[in-house]
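**Q** Sequence plus the predicted model coming up.
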Amino acid sequence: MGPGPSNVNPRVLEAMSRPTIGHLDPEFVGMMDELKALLNFAFQTSNPLTIPVSGPGSAGMETCFVNLVEPGDTVVVCQNGVFGGRMRENAERCGASLVLVDDNWGAPVDPQKLEDALKAHPEAKIVAFVHAETSTGAQSDAATLVDLARAHDCLSIVDTVTSLGGTPVLVDEWGADAVYSGTQKCLSCIPGLSPLSFSERAVKAVQSRKTKVQSWFLDLNLVMGYWGSTTSKRTYHHTAPVNALYGLHEALSVLKEEGLEQAWTRHAANHRALKAGLEAMGLELLVREKHRLPQLNAVMVPDGVDEAAVRSRLLTDFNLEIGAGLGTLAGKVWRIGLMGYSCTPGNVLYCISALETVLGSLDAPIQRGAALAGAESHLAAHPPEHVIA
Ligand SMILES: *Cc1c(COP(=O)(O)O)cnc(C)c1O
């Protein structure tokens, strides 16, 4: 129950154990087409260039930047946590002229600040932001931020690594241009792949670059030749991670069977139960209710409590992983994930009781004896009808 990887659905592991076939085998090419259709479903887009990048979420991030940014381009990066900082790093390494929109950690990206930056920099070409900041548990208003980018004639790069499968990611409705995600968070697949979708505008921008993409491996002009996004002919670029892709196909099939809306509802309901239990203990969440991610709960560490000792006791005594704070939040918060296959009422109750036991044994200033009842009453009011079998 950390910030990812989440528990992998056994169906995914089973799918991955099937025999490895050639990456140009007609059977495999057929599976690639199904996989693209499943990704179109997950991202809610009809973009033909919707594929899994052969690499973790960070590779998806880098794919967006190296393909869309040319040296000297002005890029506006919104930063409200660790992953926005990585976007900034990517933009700089691509030779961009950087405009930073800074927000407090735990707050969403402020659309007014973005609008001010875009007005001050009419030459800007790209706006980049993180939809679901895993370092803080805050969700930003992607539709509004993408609208602002469009209104100022910019392409948008949107990180949905933690949101995809957990909260609504509506690529076409938002009008987003370059969106990437990860497999090990709410999709509950193994780590190491990065679903990605490019709008037609973004594809045009890649095809009409003045300079070559500096990364040969991540150059979408070449990768598209293998994934058949522009033609039906497939040519070898790199050997696809065949078995990992079987796993992703299965993970997305699980998501489709459950239904996107049902998955979002399940994450929200289990989050409310977890929050009720934590608050009954007297613990507080970092992010204001309106902007909270259900799948990533940043919990304030009570005064005088050694947060690392708590995590280590949870791991050794209860075999339960929760995450530490990153960057400016190191030592100040725990990050409890409720992602994908790990997002169940049973895990909520287990986490609450284990945390209460450990904090109690350390004489932490918490309310004892109320947390389970708090969470349970919430689960009773919101029956967990969407538990994955
Ligand atoms: C996890 C994460 C990443 C990086 O994904 P990796 O698979 O670890 O490379 C990027 N952005 C966000 C918001 C994340 O949560």
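**A** Structure received.

**Q** Let me know the pLDDT of residue 388.
**A** pLDDT recorded at residue 388 is 46.

**Q** quick one, helices of the stretch 251-389 of the chain?
**A** 260-280, 307-318, 345-361, 371-381 (DSSP state H, counting those that start in this stretch).

**Q** got those as JSON lines, with mean pLDDT and mean neighbour count columns?
**A** In this view, the C-beta of every residue, glycine as well, is placed from N, C-alpha and C. As requested, the helices of the stretch 251-389 of the chain are arranged in JSON lines below (pLDDT from 0 to 100; neighbours: other CB atoms under 10 Å):
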{"stretch": "helix 260-280", "mean pLDDT": "96", "mean neighbour count": "21"}
{"stretch": "helix 307-318", "mean pLDDT": "98", "mean neighbour count": "15"}
{"stretch": "helix 345-361", "mean pLDDT": "97", "mean neighbour count": "19"}
{"stretch": "helix 371-381", "mean pLDDT": "85", "mean neighbour count": "17"}
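
**Q** Looking at those, which is nearest to residue 8?
**A** helix 345-361 (14.3 Å; CB to CB).

**Q** Just want the angle from the closest one to helix 260-280.
**A** 20 degrees (axes from the mean of the first three to the mean of the last three CA atoms, to 10 degrees).

**Q** Could you name the helices and strands sitting against helix 345-361?
**A** If contacts are counted by 3 or more CB pairs under 8 Å, 6 or more residues apart in numbering; DSSP states H and E, helix 345-361 sits against helix 260-280, helix 307-318, helix 371-381.

**Q** mind exporting the longest one as PDB, just the C-alpha atoms?
**A** Right, helix 260-280. Output of helix 260-280 as PDB, limited to C-alpha atoms (Å, rounded to 0.1, in the frame of the first residue of the first chain):
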ATOM      1  CA  LEU A 260     -13.800   2.500 -15.800                       C
ATOM      2  CA  GLU A 261     -16.500   4.200 -13.800                       C
ATOM      3  CA  GLN A 262     -16.700   1.300 -11.400                       C
ATOM      4  CA  ALA A 263     -13.000   1.400 -10.900                       C
ATOM      5  CA  TRP A 264     -13.100   5.100 -10.100                       C
ATOM      6  CA  THR A 265     -16.000   4.500  -7.700                       C
ATOM      7  CA  ARG A 266     -14.200   1.700  -6.000                       C
ATOM      8  CA  HIS A 267     -11.100   3.900  -5.400                       C
ATOM      9  CA  ALA A 268     -13.300   6.800  -4.100                       C
ATOM     10  CA  ALA A 269     -15.200   4.500  -1.700                       C
ATOM     11  CA  ASN A 270     -12.200   2.800  -0.200                       C
ATOM     12  CA  HIS A 271     -10.500   6.200   0.100                       C
ATOM     13  CA  ARG A 272     -13.400   7.500   2.200                       C
ATOM     14  CA  ALA A 273     -13.300   4.400   4.500                       C
ATOM     15  CA  LEU A 274      -9.500   4.900   4.900                       C
ATOM     16  CA  LYS A 275      -9.900   8.600   5.700                       C
ATOM     17  CA  ALA A 276     -12.700   7.900   8.200                       C
ATOM     18  CA  GLY A 277     -10.400   5.400  10.000                       C
ATOM     19  CA  LEU A 278      -7.400   7.700  10.000                       C
ATOM     20  CA  GLU A 279      -9.400  10.700  11.200                       C
ATOM     21  CA  ALA A 280     -11.000   8.600  13.900                       C
END
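
**Q** Report the angle between that helix and helix 371-381.
**A** 150 degrees.

**Q** Quick one: the helices of the stretch 251-389 of the chain as CSV, columns for distance to the ligand too.
**A** Compiled in CSV, the helices of the stretch 251-389 of the chain are given as follows (distance: least, CB to the nearest ligand atom, whole Å):
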stretch, distance to the ligand
helix 260-280, 15
helix 307-318, 18
helix 345-361, 19
helix 371-381, 25
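
**Q** got the contact list for whatever residue of the stretch 1-150 of the chain ends up closest to the ligand?
**A** Nearest residue of the stretch 1-150 of the chain to the ligand (CB to the nearest ligand atom) works out as residue 57 at 2.5 Å. Counting by CB atoms under 8 Å, 6 or more residues apart in numbering, residue 57 touches 159, 161, 180-182, 184, 194.

**Q** Could you check the pLDDT of it?
**A** According to the model, residue 57 scores 98 on pLDDT.

**Q** quick revisit: top of the contacts of residue 57 by number of neighbours, please.
**A** When neighbours are taken as other CB atoms under 10 Å, the top entry among these is residue 181 (30 neighbours).

**Q** What sits closest to that residue if chain neighbours are left out?
**A** Among residues not flanking residue 181 along the chain, residue 164 sits closest, at 4.0 Å (CB to CB, 6 or more residues apart in numbering).

**Q** how close does that neighbour sit to residue 41?
**A** To residue 41, residue 164 is 11 Å away according to CB to CB, to the nearest Å.

**Q** The two: which has the busier surroundings?
**A** A count of neighbours by other CB under 10 Å puts residue 164 above the other of residue 164 and residue 41, at 28 against 14.
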